[in-house]
Every structure is written in C-alpha cells, then in structure tokens.
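>>> Everything below, folded, please.
(one chain, ligands or ions: 1)
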Amino acid sequence: MDANSYRHRGLRRALVEELRRKGICDDRVLAALGTVPRHLFFAPAFQTHAYQDKAFPIGEGQTISQPYTVAYQTELLRLAPHDKVLEIGTGSGYQCCVLLQLTPHVYSIEYNPVLFEGTRKRLTALHQHAHLVCGDGSLGLPEQAPFDKILVTAGSPTIPRPLLRQLRVGGALVIPVGDAQAQRMMRVVRESEDEFSREIFEEFRFVPLLGRAGWGG
Ligand code: SAM
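Sure, this is the predicted structure:
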C-alpha cells in the first residue's frame, strides 16, 4: 500500500503505542495496524481524524470501527498465515485491509450497496485483493464455506446459526452479541461437527447487524 508519508507513518506509530498501552499485545496485529494507511479510508476533509482511536461516520448511517476495536477483534481471531477468513460488514474496507496483512485469503460481505460500491473502488485503487460480496452477511457465504475464521463487525442479537455451520472444525467466530445499546464480544470455537465452546469478553457498542439472521430476522 502506498501513501506512506513520513507524517502518516509517525501518526500510525503513535496509534500503535496507544493500542499497546490499552492492552493489545499481539505484535503481528499491531504491525498490521501500523501498516494500513487509515487516512485513505476517510474523505479528504476528515483525514485529520484518521489516527485518533475513535470510530468515525462513513456515510449511510455507518461507521469505520475504532482502531482499538479492530485490533481487539483481530487479536481474538488468532489468524494463522493461510487462514481463510470471512468478514461480515466490509464498511470502509479498513478492517478488511488489516486482515489482508495477516492472510491473503479474505472474503468480506457488505449489506449496503452504496458503501459496497465505494469500498470496492477504494480497495481496487489500493491494490488490495479481497473477495468482496454485496449481500446479507448474517447468512454467511455458504458457497465459499468452510472458513477457518469468521469476524462480524456489527452488533448481533444472537449468534447466527448459518455462521456456525460455515466454520471449519477447529475454526472460530468472533462476534459482538447483545441489544442495541451494548454488546459483549464473543469467541465461539467449533470443537467438533456439532460441539461449540464459547468465551465472553469486553463490552462494545456496534451499529446493528441487519439481515435475516441479524436484527432484520
Ligand atoms: N469493518 C468496517 C470497517 O473497517 O470500516 C466497519 C463496519 S461498520 C461498524 C458495520 C458494517 O456492517 C456497516 O458497513 C453495515 O452496513 C454492515 N452490515 C450490517 N448488517 C450487515 C449484514 N447483514 N451483512 C453485511 N454487512 C452488514
């Protein structure tokens, strides 16, 4: 990825140190956030906000997630170098590019066609090669399953069953689950064909997961 001006590299280094202080400790994840030029996922007028540890509006009532949240979810995925990963909620494409620093096999689904089209163009311009799909990610991407890891970047009322079925045995789903006000981050591991284990982590606040197995169901 280009656009590595001296100033932006410095801002990313400071952001990485802030994330480390806040408890992110996986060096590969921190290096990924230290590489992806987050300012290129913002409209030019708002680029000064890009290296603050904050979520920010991206249009269509949606947000680019806070860097801490991106790092936290990516750390929980525990990606191996060739894992096949599905992201639900492409949004700006920032998280997708962070995942691409860690594995080349990234699939990402966005529900909103306006965001999808803008982000498809952005990632093409940045030469970032993920498999992008426009559709209802609450149902997963059955034609490309199984996945080693699935990451949901919107808040879900429950753990969508279609996503569990699309995990490889040994694979993991990272998903925020709760009501509209707050969600707990969960990591669900497929232990066998029909056994799953679940760990519960910090509380976050995401925009809602729409679609049939999300809030639209
Ligand atoms: N990962 C994104 C990024 O790096 O910019 C931020 C994601 S934003 C917090 C949540 C996104 O999930 C929004 O773009 C929203 O349109 C999308 N979304 C909501 N429900 C969805 C669904 N059922 N399938 C796919 N995308 C969905």
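>>> what's the helix ranked longest in the chain packed up against?
Secondary structure of the chain read by DSSP state H shows that its longest helix is helix 6-21. Counting contacts by 3 or more Cβ pairs under 8 Å, 6 or more residues apart in numbering; DSSP states H and E, helix 6-21 is packed against helix 27-35, helix 67-77. Just so you know, the C-beta spots here come from the backbone N, C-alpha and C atoms, and that holds for glycine as well.
>>> The ligand is nearest to which of these?
The ligand lies closest to helix 67-77 among these, at 6.4 Å (Cβ to the nearest ligand atom).
>>> and after the host helix or strand of residue 150, which helix or strand comes next?
Residue 150 belongs to strand 147-152 when elements are defined using DSSP states H and E. Later in the chain than strand 147-152, the nearest helix or strand by DSSP H and E is helix 161-165.
>>> Need the mean per-residue confidence for the helix or strand that that next one is followed by.
Per DSSP H and E, the first helix or strand lying C-terminal to helix 161-165 is strand 167-178. Averaged over strand 167-178, pLDDT sits at 98.
>>> can you dump the C-alpha coordinates of strand 167-178 into CSV?
Taking Å, rounded to 0.1, in the frame of the first residue of the first chain, the C-alpha atoms of strand 167-178 are listed here in CSV:
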residue,chain,number,x,y,z
LEU,A,167,-17.0,-22.7,10.4
ARG,A,168,-14.4,-25.5,9.8
VAL,A,169,-14.0,-27.8,12.8
GLY,A,170,-11.3,-26.1,14.9
GLY,A,171,-12.3,-22.7,13.5
ALA,A,172,-13.5,-19.6,15.4
LEU,A,173,-16.2,-17.0,15.1
VAL,A,174,-15.7,-13.5,16.7
ILE,A,175,-18.9,-11.6,17.1
PRO,A,176,-20.4,-8.8,19.3
VAL,A,177,-23.7,-10.1,20.8
GLY,A,178,-26.3,-8.0,22.7
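>>> right, and the helix or strand after that strand?
Per DSSP H and E, the first helix or strand lying C-terminal to strand 167-178 is strand 183-192.
>>> Now do that next one against strand 167-178, angle only.
Orientation of strand 183-192 against strand 167-178 (axes from the mean of the first three to the mean of the last three Cα atoms, to 10 degrees) gives an angle of 160 degrees.
>>> The spatially most central residue of the chain sits in which helix or strand?
By Cα atoms, centre = their mean, the chain has its centre lying nearest to residue 95, at 4.3 Å. Assessed by DSSP H and E, residue 95 sits inside helix 94-100.
>>> can you list contacts of that helix?
1, 29, 32-33, 36, 38, 41, 64-65, 70, 73-74, 79, 85, 87, 90, 106, 108, 119, 123, 126, 128-130, 132, 151, 153 (Cβ atoms under 8 Å, 6 or more residues apart in numbering).
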